[in-house]
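Novice: quick one, fold the following:
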Amino acid sequence: MLSLLKLIRLPNLIIIALTQYVMRYFIIQPILAINRIQLQLSDLNFAILVMATLFVAAGGHIINDYFDSKADRLNKRDVIVGRKISRRISLMLHQSFSFIGVVLGGYVSYKVGHWQFVLIFFMAGGLLWFYSTSYKNHFILGNLVLAFICAAIPFLVVIYEIPPLNKTYAEVLVASETNFDYLLYWVGAFSFFSFFAVLIHQFVRDLISVKGDKEIGRRSLPFIIGFKWTKLIIVSLILFLCASVFGVWYQFLNAPVDKITPWYFSLLIIIPLFLLAYLVLKLKKDESLKFGVFLLRLAILAGISYAFVVNHILSNTNF
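Specialist: Model (predicted):
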């Protein structure tokens, strides 16, 4: 059982579930409450949506380890598939988890009146399969695919919430000539942050695993353009992400209703990212970057957790 929990990467699944619940109850719900609008997707159906996401993600983790066991051995990571869980059982688990995820996703898609949304889960499962078998061995492609999938996790919440909202409040929307697109912008900001943060994480991982990648012929970024240029690209992405966060920071700098955001962004996101950039620039081949990875994960967690700050601001502001 412990090996199975490691194989599906339980901590990652917990973060996925928390991210989706935070988006729903700390971003979407308080924003809707400003206009006295209530969530329309039931709590049960939302829980099923989260479970569908978790099953597809777990299947992706399994199949990734299935095809990545050789690289994991070379990079001295814990190898589960083939040692603690047989390859046949691992493949069966992947198929079962992915199937359950698609079925659950199809059910929720039907309940919101858009059965075609089930294609999202088919596509996610397919992308995770091809990522494990092919994409991750191609130059940058695998990194972009994985970052895209991670960015879609919070966005799923709003995609499945808007259709029932449109149905319930159709007359109000027509009369006021408005829509719920603003929810897409709010959640989209978190997806934007997740995309670039995960992309940076992928490049950092490639940077410290370049020896193993060469052994298996994986065309990772440092393998193709070299160690030095990869460091410069990582630092450039970090600075771009910091600039994006600073843009939001500046918007709230003189806001009388919010004195938390500037300090929150500075201490928990911008400073850790700057420290990471410094550590990457100093990094030499065959060196570890454990503290740098910790700083990046701290910044990612802080970025998602900013939803709690948003909820606090909205709850204490008179509109």
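
Novice: pLDDT below threshold where in the stretch 201-319 of the chain?
Specialist: Residues of the stretch 201-319 of the chain meeting the criterion pLDDT under 70: 210-217, 249-258, 317-319.

Novice: so which residues of it form helices?
Specialist: With DSSP state H, counting those that start in this stretch as the criterion, the stretch 201-319 of the chain has helices at 210-216, 221-225, 227-253, 260-265, 271-282, 290-315.

Novice: could I get the ones you listed in JSON lines, plus columns for distance to S86?
Specialist: From N, CA and C alone the C-beta is placed, and that goes for glycine too. Putting the helices of the stretch 201-319 of the chain into JSON lines (distance: least, C-beta to C-beta, whole Å) gives the following:
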{"stretch": "helix 210-216", "distance to S86": "22"}
{"stretch": "helix 221-225", "distance to S86": "31"}
{"stretch": "helix 227-253", "distance to S86": "36"}
{"stretch": "helix 260-265", "distance to S86": "47"}
{"stretch": "helix 271-282", "distance to S86": "39"}
{"stretch": "helix 290-315", "distance to S86": "31"}
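
Novice: of those helices, which is nearest I80?
Specialist: Minimum separation from I80 across those (C-beta to C-beta) falls at helix 210-216, 16.9 Å.

Novice: can you redo the helices of the stretch 201-319 of the chain as CSV with distance to L10 and mean neighbour count?
Specialist: Formatted as CSV, the helices of the stretch 201-319 of the chain follow (distance: least, C-beta to C-beta, whole Å; neighbours: other C-beta atoms under 10 Å):
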stretch, distance to L10, mean neighbour count
helix 210-216, 24, 16
helix 221-225, 29, 18
helix 227-253, 28, 16
helix 260-265, 28, 17
helix 271-282, 25, 18
helix 290-315, 16, 18
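
Novice: these: which one's closest to I162?
Specialist: I162 lies closest to helix 290-315 among those, at 18.0 Å (C-beta to C-beta).

Novice: so what does the closest one touch, helix or strand wise?
Specialist: The helices and strands touching helix 290-315, judged by 3 or more C-beta pairs under 8 Å, 6 or more residues apart in numbering; DSSP states H and E, are helix 10-22, helix 29-34, helix 181-208, helix 260-265, helix 271-282.

Novice: what's the angle from it to helix 271-282?
Specialist: Interaxial angle of helix 290-315 relative to helix 271-282 (axes from the mean of the first three to the mean of the last three C-alpha atoms, to 10 degrees): 160 degrees.

Novice: how far off centre is helix 290-315?
Specialist: Taking C-alpha atoms, centre = their mean, to the nearest Å, one finds helix 290-315 lying 13 Å from the centre of the chain it belongs to.

Novice: same question, stretch 129-139
Specialist: Stretch 129-139 has its C-alpha centroid displaced from the chain centroid by 18 Å (C-alpha atoms, centre = their mean).

Novice: again, but for stretch 103-123
Specialist: Its chain's C-alpha centre and that of stretch 103-123 lie 20 Å apart, by C-alpha atoms, centre = their mean.

Novice: checking the closest residue to L91 other than its chain neighbours next. Helix, strand or coil?
Specialist: Nearest residue to L91, sequence neighbours excluded (C-beta to C-beta, 6 or more residues apart in numbering): Y66, at 6.3 Å. When classified by DSSP: H, G, I helix; E, B strand; the rest coil, Y66 comes out as helix.

Novice: Y66: how many residues sit nearby?
Specialist: Counted with other C-beta atoms under 10 Å, the neighbours of Y66 add up to 20.

Novice: distance of it from S132?
Specialist: Note on Y66: its distance to S132, by C-beta to C-beta, to the nearest Å, is 7 Å.

Novice: one more: A52?
Specialist: Distance, A52 to S132, using C-beta to C-beta: 20 Å.

Novice: equivalent analysis for S288, please.
Specialist: With distances taken as C-beta to C-beta, S288 is found 26 Å from S132.

Novice: who's more crowded, those two?
Specialist: Using other C-beta under 10 Å as the criterion, S288 and S132 rank with S132 on top: 21 against 9.

Novice: next, the buried residues of the helix or strand where L4 lies.
Specialist: If you go by DSSP states H and E, L4 is part of helix 2-7. When neighbours are counted by 16 or more other C-beta atoms under 10 Å, the buried residues of helix 2-7 are found to be 4, 6-7.

Novice: in TSV, list these along with pLDDT and distance to F203.
Specialist: Output for these, formatted as TSV (pLDDT from 0 to 100; distance: C-beta to C-beta, whole Å):
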residue	pLDDT	distance to F203
L4	84	30
K6	85	25
L7	84	25
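
Novice: specify which member of these is nearest to H312.
Specialist: Distance to H312, by C-beta to C-beta, is smallest for K6 among these, at 35.7 Å.

Novice: count the neighbours of the closest residue to that closest one other than its chain neighbours for me.
Specialist: Nearest non-adjacent residue to K6, counting by C-beta to C-beta, 6+ apart: I80, 5.8 Å away. If you count neighbours by other C-beta under 10 Å, I80 ends up with 20.
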